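**Student:** One predicted model, sequence on top.
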Amino acid sequence: MKKALSVTITEEQARIMHVLAQEIARGYLDREQILKNLGMTEEDYEEIEQLAVFQKLLTQAVTEWNAASNSAKRIKLKSQWAVEESIPSMVGFMTDNSEPMAARVEAFKTLARIGGLGNPDPIGSGSEGGGFHIEINIGQGVAPITIDSSVLPAQTEDDLEPAPTDPRFEINFDPPGYEPKKFSGD
């Protein structure tokens, strides 16, 4: 490894180095694709990889990504990434008239489901009974903080209690002296 250089970097450069380190640690894309996505050249990378701050970021990203406690997150992210990467080929398959209609419709349904389209259920009312789950990881050695909630069952008007009335807040929409017209059918 080359000797690390120390330089002052901007916030934007720090952000790019952070993303670069994370992408390298994850290993989904090859370096050429990562650099292309970040708008960088190979020469840019060669300069950045010599910076002490980048070397620390990369070491940290690799350590965090490969941590045993990160297995479930890693598997979930890899699965999501694979699905996302396969979407263009699924769209191509779905729109290819030479493929059987039933298979094209199934691809369409799958993409719609992935995209959350055509699902009348409100957010949080999934197959697990609804609600949400938030987990906050503070750091190594500290148990995560977990917040769980479930969606309340739908209420009907019969379930609702009438709001208490207070004469100070009553609104009379009829002007003084107004009497509704009587129709012959009344």
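**Tutor:** Structure's in. What do you need?
**Student:** CA atoms only for stretch 69-86, dumped as PDB, please.
**Tutor:** Provided in PDB are the C-alpha atoms of stretch 69-86 (Å, rounded to 0.1, in the frame of the first residue of the first chain):
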ATOM      1  CA  SER A  69     -24.000  -8.500  13.300                       C
ATOM      2  CA  ASN A  70     -24.600  -7.000   9.800                       C
ATOM      3  CA  SER A  71     -25.500 -10.300   8.100                       C
ATOM      4  CA  ALA A  72     -29.300  -9.800   8.000                       C
ATOM      5  CA  LYS A  73     -28.900  -6.200   6.700                       C
ATOM      6  CA  ARG A  74     -26.300  -7.400   4.100                       C
ATOM      7  CA  ILE A  75     -28.600 -10.100   2.800                       C
ATOM      8  CA  LYS A  76     -31.600  -7.800   2.600                       C
ATOM      9  CA  LEU A  77     -29.600  -5.100   0.800                       C
ATOM     10  CA  LYS A  78     -28.000  -7.600  -1.600                       C
ATOM     11  CA  SER A  79     -31.500  -9.000  -2.400                       C
ATOM     12  CA  GLN A  80     -32.900  -5.600  -2.900                       C
ATOM     13  CA  TRP A  81     -30.000  -4.600  -5.100                       C
ATOM     14  CA  ALA A  82     -30.400  -7.800  -7.200                       C
ATOM     15  CA  VAL A  83     -34.100  -7.100  -7.700                       C
ATOM     16  CA  GLU A  84     -33.400  -3.500  -8.700                       C
ATOM     17  CA  GLU A  85     -30.700  -4.600 -11.200                       C
ATOM     18  CA  SER A  86     -33.100  -7.200 -12.800                       C
END
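**Student:** contacts for that stretch?
**Tutor:** 26, 28, 64-65, 114, 140 (Cβ atoms under 8 Å, 6 or more residues apart in numbering). All C-beta atoms are positioned from the backbone trio N, CA, C, and that covers glycine.
**Student:** quick one: low-confidence ranges for the chain?
**Tutor:** 1-7, 118-133, 136-139, 145-186 (pLDDT under 70).
**Student:** residue ranges of the strands in the protein, please?
**Tutor:** 132-136, 145-149 (DSSP state E).
**Student:** circling back: among the contacts of stretch 69-86, name the buried ones.
**Tutor:** In the contacts of stretch 69-86, burial by neighbour count holds for 26, 65, counting by 16 or more other Cβ atoms under 10 Å.
**Student:** any chance of the contacts of stretch 69-86 in a markdown table, plus distance to Glu46?
**Tutor:** Shown next, in a markdown table, are the contacts of stretch 69-86 (distance: Cβ to Cβ, whole Å):
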| residue | distance to Glu46 |
| --- | --- |
| Arg26 | 21 |
| Tyr28 | 22 |
| Glu64 | 25 |
| Trp65 | 23 |
| Ile114 | 38 |
| Gln140 | 33 |
